[in-house]
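Peer 1: here is a sequence together with a model predicted from it:
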Amino acid sequence: MKLREIAYSRSGDKGDISNICVFAYEDIHWETIRSEVTVDRVRDTFGDLVKGDIVRYELPGTKGLNFVMTQALAGGVSRSLRADPHGKSYQSLILDMEISSSV
Amino acid sequence: MMTKRISIGCGSAWSDDRLDWAQELADSGLVSYMGFDCLAERTMALAQIRRRDDESCGQDQRIPELMERFASYLSSGGNIVGNFGAANPSAALDDVLRGLRTTGVSGVRIGAIYGDDVLDHVRNQNLELPEMGVSVLDLGEKLVSANAYIGAEPIVELLEQGTQFILGGRIADPSLFVGPIAYELGWAVDDWEKMAAATLVAHLLECGTHGTGGNYVDPPYRVLDDIAHLGFPIAHVSDDESLITKLPGTGGAIDTGVVKTQLAYEIHDPCAYLTPDSTSNFSNVWVEEVGPNQVRIGGATGQPRPDDLKVLVGVDEGWKVVTEISYGGSGCVSRAQLAAEVVAKRLEPYNSGISEIRYDLHGVSALFNHQLSRDEPAEVRLRIAALCQDREVANAVSFESQYLWMGPAGGGGVVTQIVPAVGVTPAFLPRDDVKIWTEVVDT
């Protein structure tokens, strides 16, 4: 199944850095998300959209993850030539990730 | 003794945010302060270009409308804090004074904050630009602007002087709210726990209707009522608790889901969210629903504010030209790809003047390159975007892209646009190097 079925997200931008947070709808899915939505999986999902590092942070208080991706916006919103220079739509790409259906 | 409490709302989250809904919140009487964030990285760069072209421009362009809509709020003693100055705070001050005269409102003490423009200073220091790997002087004529993100301190000082309307340039988004909270509750600006608590509230307010469900809705999983008429957010803050809510009778929601996405919006390390006012740790923040459209928040902890201030440096990148054209029906993807190849061939004589060009297909690969693939769409829109040093080359790119009117077959709906391109890149300055000063004007 898609991550979208158990989680929600939002992406934001600062310069050429994009951050995407992922939260579980239900607390029971937090551990699944934590174990499956890894840096490697996110790198596969974003491919050549992200040229720099991807770092994953946790927000245990709210059961959320935050991915910070550098060189992720083709130079940043003011100069990027991409159709979505802010990366606002990245939140939808991460939710397209396949999650093991054992949940 | 009554516990002190401040009720503060958000009135704007970006340069073109709507003022009608902000006015609804002002006229409700529910808030005594409203913070207006009018800037984003791109907006600040564009404001600098407007000022470069005309010395009397570069401030927020909504001030005349703002003064009209908020005349009644100001007359009844409401307070406003905003970074309306953008690239030109003194022009913003003129606009505010003119607006007060026009609407006949008097007795408003205005405070203006200056000093965020550090262009001369970064040039003299030849500041390093870590993301670009060069120094300021390497940019030569391409250096457009440099603005430091400034904090809540001058806002608190101006409120202590009885100002009711405060404006400035690149005041950091959360600081617009942190200042009034610190002043009203008597929180010291070097009490890091309090600054983190105020920054948490500010972070949940600063994005306006983004933070009341606007950017949350994603049916069928995330559905909220009446998002056609969202409400601006409100915070009620005291020493004991922080409550987030929104204007009653409006759509959207303040619930745990909405608030959590706003909590993590545009933060990097949640253990060290850096603003001019504090180093805040949001990793153990909790969010608790205490009523319909009302949450209690807490759990932020604070460390001393950073010694350096972030500076956003604007870089002239020439011109950005974007042209789009649609193709439909069977074979539409291959025809659009052929069209892109044709334009690339015709542009070969201009290649030396084109810094960067890309060809994307809306409906196929424009948002995510080829990371997602689906079946052949019924229609596609070819998007050609280029960055050019000179206007003439940008004109040529635009002309050759539009010439797709003449084939391949069936291309329609051409739209083209050429705009100045200004890149922004961060730098850092010791706090003491940024000299802030204020001005108070009585009306």
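Peer 2: All right, it came through fine.
Peer 1: so what's the residue nearest to residue B:200 when sequence neighbours are not counted scoring on pLDDT?
Peer 2: Spatial nearest neighbour of residue B:200, excluding adjacent residues (C-beta to C-beta, 6 or more residues apart in numbering or on different chains): residue B:300 at 4.0 Å. For glycine as for every other residue, the C-beta is placed from the backbone atoms N, C-alpha and C. Note on residue B:300: pLDDT of 98.
Peer 1: and the strands in chain A, which stretches?
Peer 2: Taking DSSP state E as the criterion, chain A contains strands spanning A:7-14, A:17-24, A:54-59, A:64-69.
Peer 1: partner strands of the first one, parallel or antiparallel?
Peer 2: This means strand A:7-14. strand A:17-24 (antiparallel) (DSSP bridges).
Peer 1: now do the partner strand, average pLDDT.
Peer 2: 97.
Peer 1: name the residues of that strand that are buried.
Peer 2: Across strand A:17-24, burial judged by 16 or more other C-beta atoms under 10 Å in any protein chain shown covers A:17-24.
Peer 1: neighbours of residue B:348, how many?
Peer 2: Each residue near residue B:348 was counted by other C-beta atoms under 10 Å in any protein chain shown, and the total is 7.
Peer 1: give me phi/psi at it?
Peer 2: phi -50, psi -40 (degrees, to the nearest 10).
Peer 1: for it, give me the pLDDT.
Peer 2: 98.
Peer 1: that one and chain A, how far apart?
Peer 2: 19 Å (C-beta to the nearest C-beta, to the nearest Å).
Peer 1: before we move on, back to that, what's the closest of the buried residues of strand A:17-24 to chain B?
Peer 2: Closest approach to chain B among these (C-beta to the nearest C-beta): residue A:21, at 3.3 Å.
Peer 1: how many neighbouring residues does the closest residue in space to that closest one that isn't next to it in sequence have?
Peer 2: For residue A:21, ignoring the flanking residues on the chain, the nearest one in space by C-beta to C-beta, 6+ apart is residue B:264 at 3.3 Å. Neighbour count for residue B:264, taken as other C-beta under 10 Å: 29.
Peer 1: kindly report the same for residue B:167.
Peer 2: Per other C-beta under 10 Å, the neighbour tally for residue B:167 reads 29.
Peer 1: so where does it fall, helix or strand?
Peer 2: Secondary structure from DSSP states H and E places residue B:167 in strand B:165-168.
Peer 1: each with direction, which strands does that strand pair with?
Peer 2: As assigned by DSSP bridges, strand B:165-168 forms pairs with strand B:79-82 (parallel), strand B:109-114 (parallel).
Peer 1: gap between the shortest one and the chain center?
Peer 2: Right, the one you point to is strand B:79-82. 16 Å (C-alpha atoms, centre = their mean, to the nearest Å).
Peer 1: in PDB, list the C-alpha atoms belonging to it.
Peer 2: Provided in PDB are the C-alpha atoms of strand B:79-82 (Å, rounded to 0.1, in the frame of the first residue of the first chain):
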ATOM      1  CA  ASN B  79      -2.000  46.700  17.500                       C
ATOM      2  CA  ILE B  80      -0.200  45.700  14.200                       C
ATOM      3  CA  VAL B  81       3.300  44.400  13.700                       C
ATOM      4  CA  GLY B  82       4.500  43.600  10.200                       C
END
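Peer 1: give the buried residues for it.
Peer 2: Neighbour counts over strand B:79-82 (16+ other C-beta under 10 Å) mark B:79-82 as buried.
Peer 1: now do the contacts for the residue nearest to residue B:200.
Peer 2: Contact partners of residue B:300, counting by C-beta atoms under 8 Å, 6 or more residues apart in numbering or on different chains, are B:196-197, B:199-200, B:280-282, B:285.
Peer 1: keep only those of those residues that are in strands.
Peer 2: Using DSSP E, those in strands are B:280-281.
Peer 1: spatially nearest residue to residue 20, not counting backbone neighbours?
Peer 2: All of this refers to chain A. residue A:11 (4.4 Å).
Peer 1: let's do chain B instead
Peer 2: Nearest to residue B:20 is residue B:69, by C-beta to C-beta, 6+ apart, at 7.5 Å.
Peer 1: quick one: the one you found from chain A, how far?
Peer 2: 28 Å.
Peer 1: you'd agree residue B:267 is in a strand?
Peer 2: No - with DSSP: H, G, I helix; E, B strand; the rest coil as the criterion, residue B:267 is located in coil rather than a strand.
Peer 1: tell me which residues touch the closest residue in space to it that isn't next to it in sequence, please.
Peer 2: Closest residue in space to residue B:267, ignoring its immediate chain neighbours: residue B:273 at 4.8 Å, by C-beta to C-beta, 6+ apart. Going by C-beta under 8 Å, 6+ apart, residue B:273 touches B:199, B:203, B:267, B:279-282.
Peer 1: same list (the residues you listed) but as JSON lines, adding pLDDT and neighbour count.
Peer 2: Converted to JSON lines, the contacts of residue B:273 look like this (pLDDT from 0 to 100; neighbours: other C-beta atoms under 10 Å in any protein chain shown):
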{"residue": "B:199", "pLDDT": "98", "neighbour count": "30"}
{"residue": "B:203", "pLDDT": "98", "neighbour count": "27"}
{"residue": "B:267", "pLDDT": "96", "neighbour count": "24"}
{"residue": "B:279", "pLDDT": "98", "neighbour count": "20"}
{"residue": "B:280", "pLDDT": "98", "neighbour count": "30"}
{"residue": "B:281", "pLDDT": "98", "neighbour count": "20"}
{"residue": "B:282", "pLDDT": "98", "neighbour count": "24"}
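Peer 1: and those residues, which two are the farthest apart?
Peer 2: B:203 and B:279 (13.4 Å; C-beta to C-beta).
Peer 1: is stretch B:405-415 positioned near chain A?
Peer 2: No - shown here: stretch B:405-415 not in contact with chain A (C-beta under 8 Å from any C-beta of the partner chain), separated by at least 13.0 Å.
Peer 1: and stretch B:29-36, C-alpha only, in PDB?
Peer 2: The C-alpha coordinates for stretch B:29-36 follow below in PDB (Å, rounded to 0.1, in the frame of the first residue of the first chain):
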ATOM      1  CA  GLY B  29     -12.600  42.000  18.600                       C
ATOM      2  CA  LEU B  30     -10.900  38.700  19.600                       C
ATOM      3  CA  VAL B  31      -7.300  39.800  19.200                       C
ATOM      4  CA  SER B  32      -5.500  42.800  20.500                       C
ATOM      5  CA  TYR B  33      -2.400  42.200  18.300                       C
ATOM      6  CA  MET B  34      -2.000  41.100  14.700                       C
ATOM      7  CA  GLY B  35       1.200  40.000  13.100                       C
ATOM      8  CA  PHE B  36       1.700  40.400   9.300                       C
END
